[in-house]
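Asker: I would like the atomic coordinates for the input below:
(one chain, ligands or ions: 1)
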Amino acid sequence: MTLTSLRQQLLAGDTTPAAILEKLAADITTRDHGQTGAYLSYDLQSALAEAATADLSLPLGGIPIAIKDNINVLGQPCTCGSKFLENFISPYDATVIRKLRAAGAIPFGRMNMDEFAMGSATENSALQITRNPRDPARIPGGSSGGSAAAVADLTAIAALGSDTGGSIRQPASHCGVVGLKPSYGRVSRYGLVAFASSLDQIGPLTQTVEDAALLLQAISGNDPLDSTCLDAPVPDFLSGLHDGVKGLKLGIPKEYFGEGIHPGVRKNVEAAIQHLAAQGAEIVEISLPHTEHAVATYYVIAPAEASSNLSRFDGIRYGHRAAQPSDILDLYKKSREEGFGPEVKRRIILGTYVLSSGYYDAYYSRAQKVRTLIRRDFETAFQQVDAILSPVAPTPARKIGSISGDPLQEYLSDIFTLAANLAGIPGISIPCGHTDYDGGSQLPVGLQILAPHLGEAKLLQIAKVAEGFDGGE
Ligand code: GLN
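Answerer: Okay, the predicted model is just below:
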C-alpha cells in the first residue's frame, strides 16, 4: 500500500483508482470512525469522479493523498481543527493541491489537527480526538496528528501536513512513519492557512523514504502566488536515493543529547547513529551553542506572527459570527471569544503582548536577533558536516490527557524540532526503534536528520540508509 507499490499495481492493471478509494473508505469506516479518529471528513463521491478520469501515466496518477485540514481544496471543508471554520468551504485549491492534481493524485480526506496547527498532540483540535494507532490510549503527536495517524493506520497511503515548529516530524516520530519538513521556500504556502508565515512549510508524511521523495517531488517548486517560495531548481529527489552514506560526515550536536531525554529514545537514536557509522558515515561531535534559546525564541516569534495572521478571523469576512451583538466591537469580541479555543487565545494574547509598543524591543526584536544566532549555528555546523542527527522528541508518545493544562511543559517538548524552522533548513523524521514509556505497549522512536537549506536530496539519501533499522526495545 505504498505510493511506489500502488503505482506499479495501477500500471500493471492489478488495481484501479476506484478500487483503492473504495478500500480506503471501507477501512476508514471500520478502523477510523469511533477509533483512530484521524479523518474529520472525506468525500468519496467527488474522489470517485476524479478517479474515473485519472491519468495513470502521471507520477501519482490515480493515487489518493490525505490532506491536513489547513490546506485549501476547492469545494471541501477547511476547518483548521477550529469551531471558527467548522462550516467553511474552500473557494480555491492551494498550490500544493494544484501540483498534486497535475501529478495525477486525488486529494482525499481532511485530516484532524491541533486548532490552527498550535500544539503537539492534536488534543487542541476543537472537533475530535485522534488516537495513536500504535496505542489508542496515546496521542498521535501534532499538530499534523490526523495525517500521521492515518498513514500509520493504513487508512491513508500518504498525506500532506504542515510544520511550523515540528508538526510534521514529531507526529511522524510518535506514529512510526516518515515525515519531511522541506526547506523554507521549497514548497509554496499559497492556500495553507497561515499560522506563522516565516516558519510554516507543507510537507509529506509517508510510509517510506522513497514515498516521501515522490511526494516532495510533486509539490516542490516556484510559485508566483507565494513571494517567499524560491525560484530554485528542483533536483530529482529519487535519482540519488540509493547513493548511501559512505564518506559523508554526520554531526551529533552535544546540546541535543543532554538531560531530559527518555533513556529508550536515547538508546534507539544512538543505535541508529552507530548503524549509519557502520554503513560508512563519519560521525563528528558538533555544537549548536544557542540551542537552549530555541524554545523561548520560537514562542515569541510564532505567537507574534499568529496574532497578526489570525486577526482576519473577525466574524465578518468568513467563519463563525456571534448572534445578536450590541455593536460592531461586541461582534468582533463575541465571535472570537466563541470561535477560538484556549490555546489559540493564549497565542494571540502572547503575540499581541510581544508586539505591543512597550515590549516590542524587549521580546520580538530580541527574539529576531537570537533567531539569527540560531541560524548561524547551523551555517557554521554545515561547514563541518553534511547533515546533523538527533532525536525528534525527548519522549515517545504520552497518554492522552496526561499533561493537559500545562502549556509550558508542552512547549518544551518541541526543543529538538523548532530550530530547523527558525533556521529555514529541511528536516526528516524516520522510525529507528521502539521503547516502552510509562507502562503499556512498545512505542515508536524517531531519528531526526537535518540538512543545509535546499539539501532535501542529501536528507533523503541518508534517511534511505537509516530506513528499516530498528534499535530494538
Ligand atoms: N508544537 C509547536 C506549536 O505548538 C509547533 C506546531 C507546528 O509545527 N505547527 O507551535
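Asker: Low-confidence bits of the stretch 201-350 of the chain, can you list those?
Answerer: Under the criterion pLDDT under 70, no range of the stretch 201-350 of the chain is flagged.
Asker: Can you list the low-confidence ranges for the stretch 351-473 of the chain?
Answerer: Applying pLDDT under 70 to the stretch 351-473 of the chain flags the ranges 404-405, 473.
Asker: Name the SS class of the residue of it found nearest the ligand, please.
Answerer: Closest residue of the stretch 351-473 of the chain to the ligand, Cβ to the nearest ligand atom: Asp414 (4.7 Å). All C-beta spots, glycine's among them, are computed from the backbone N, C-alpha and C. Following DSSP: H, G, I helix; E, B strand; the rest coil, the label given to Asp414 is coil.
Asker: Tell me who's in contact with it.
Answerer: Asp414 makes contact with Ser120, Gly165, Gly166, Gln170, Val295, Tyr298, according to Cβ atoms under 8 Å, 6 or more residues apart in numbering.
Asker: just Gly358 next, same as before
Answerer: Neighbour list for Gly358: empty [criterion: Cβ under 8 Å, 6+ apart].
Asker: Starting from Ala18, give me the distance back to it.
Answerer: Gly358 sits 61 Å away from Ala18, going by Cβ to Cβ, to the nearest Å.
Asker: repeat for Pro107
Answerer: 16 Å.
Asker: Which of those two has more residues huddled nearby?
Answerer: Pro107 (25 against 17; other Cβ atoms under 10 Å).
Asker: In a strand, the more buried one, correct?
Answerer: Yes: the assignment for Pro107 (three-state DSSP) places it in a strand.
Asker: hang on, isn't it packed against Arg101?
Answerer: Yes: using Cβ atoms under 8 Å, Pro107 makes contact with Arg101 at a distance of 7.5 Å.
Asker: Write out the residues of the stretch 1-150 of the chain neighbouring the ligand.
Answerer: Residues of the stretch 1-150 of the chain that fall close to the ligand, judged by Cβ under 6 Å from any ligand atom: Ala117, Met118, Gly119, Ser120, Ser143.
Asker: Compare those and tell me which has the most neighbours.
Answerer: Ser143 (35 neighbours).
Asker: Backbone dihedrals for that residue, please?
Answerer: Reported as degrees, to the nearest 10, the phi and psi values for Ser143 are phi -90, psi -10.
Asker: Tell me who's in contact with it.
Answerer: 81, 113-114, 117-120, 122, 124, 161-162, 164, 167, 171.
Asker: can those residues go into CSV with extra columns for secondary structure?
Answerer: Output for the contacts of Ser143, formatted as CSV (three-state DSSP):
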residue, secondary structure
Gly81, coil
Met113, coil
Asp114, coil
Ala117, helix
Met118, coil
Gly119, coil
Ser120, coil
Thr122, coil
Asn124, coil
Gly161, strand
Ser162, strand
Thr164, coil
Ser167, coil
Pro171, helix
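Asker: Alpha carbons of stretch 300-318, in CSV - could you do that?
Answerer: The C-alpha coordinates for stretch 300-318 follow below in CSV (Å, rounded to 0.1, in the frame of the first residue of the first chain):
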residue,chain,number,x,y,z
VAL,A,300,7.9,34.8,20.9
ILE,A,301,8.1,34.8,17.1
ALA,A,302,5.4,32.2,16.3
PRO,A,303,2.7,33.7,18.5
ALA,A,304,3.6,37.2,17.2
GLU,A,305,3.0,36.2,13.6
ALA,A,306,-0.1,34.2,14.7
SER,A,307,-1.6,37.2,16.4
SER,A,308,-1.3,39.1,13.1
ASN,A,309,-2.4,36.2,10.8
LEU,A,310,-5.4,35.3,12.9
SER,A,311,-6.8,38.9,13.0
ARG,A,312,-8.6,38.1,9.8
PHE,A,313,-11.0,35.9,11.8
ASP,A,314,-13.2,38.7,12.9
GLY,A,315,-16.7,37.2,12.4
ILE,A,316,-17.4,39.4,9.4
ARG,A,317,-15.4,38.2,6.4
TYR,A,318,-16.0,34.5,7.0
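Asker: what does it contact?
Answerer: Under Cβ under 8 Å, 6+ apart, the answer for stretch 300-318 is 84-85, 88, 116, 118, 164-165, 194-199, 319-322, 331-332, 334-336, 339-340, 344, 347-352, 354-355, 363-364, 366-368, 371, 422.
Asker: Distance-wise, check the residue of the stretch 351-473 of the chain closest to the ligand relative to Phe84.
Answerer: Asp414 is 24 Å from Phe84, by Cβ to Cβ.
Asker: repeat for Arg189
Answerer: For Arg189, the distance to Phe84 (Cβ to Cβ) stands at 20 Å.
Asker: Check Ser308 too.
Answerer: If you go by Cβ to Cβ, the gap between Ser308 and Phe84 works out to 16 Å.
Asker: Which one of these two is surrounded by more residues?
Answerer: Phe84 (26 against 16).
Asker: Which residue, other than its chain neighbours, is closest to that one?
Answerer: Leaving aside its sequence neighbours, Phe84 sits nearest to Gly339 (Cβ to Cβ, 6 or more residues apart in numbering; 3.5 Å).
Asker: hang on, isn't the one you found packed against Phe88?
Answerer: No: look at Gly339 against Phe88 with Cβ under 8 Å: they stay out of range, at 11.0 Å.
Asker: list the residues that contact both of the two?
Answerer: Common neighbours of Gly339 and Phe88 (criterion: Cβ under 8 Å, 6+ apart): Gly319.
Asker: coming back round to it: list the contacts for the residue nearest to Phe84?
Answerer: Ser82, Lys83, Phe84, Phe313, Gly315, Gly319, His320.
Asker: Please report which of those has the highest neighbour count.
Answerer: Neighbour-wise, the contacts of Gly339 (other Cβ under 10 Å) top out at Ser82, 29 neighbours.
Asker: distance of it from the ligand?
Answerer: With distances taken as Cβ to the nearest ligand atom, to the nearest Å, Ser82 is found 14 Å from the ligand.
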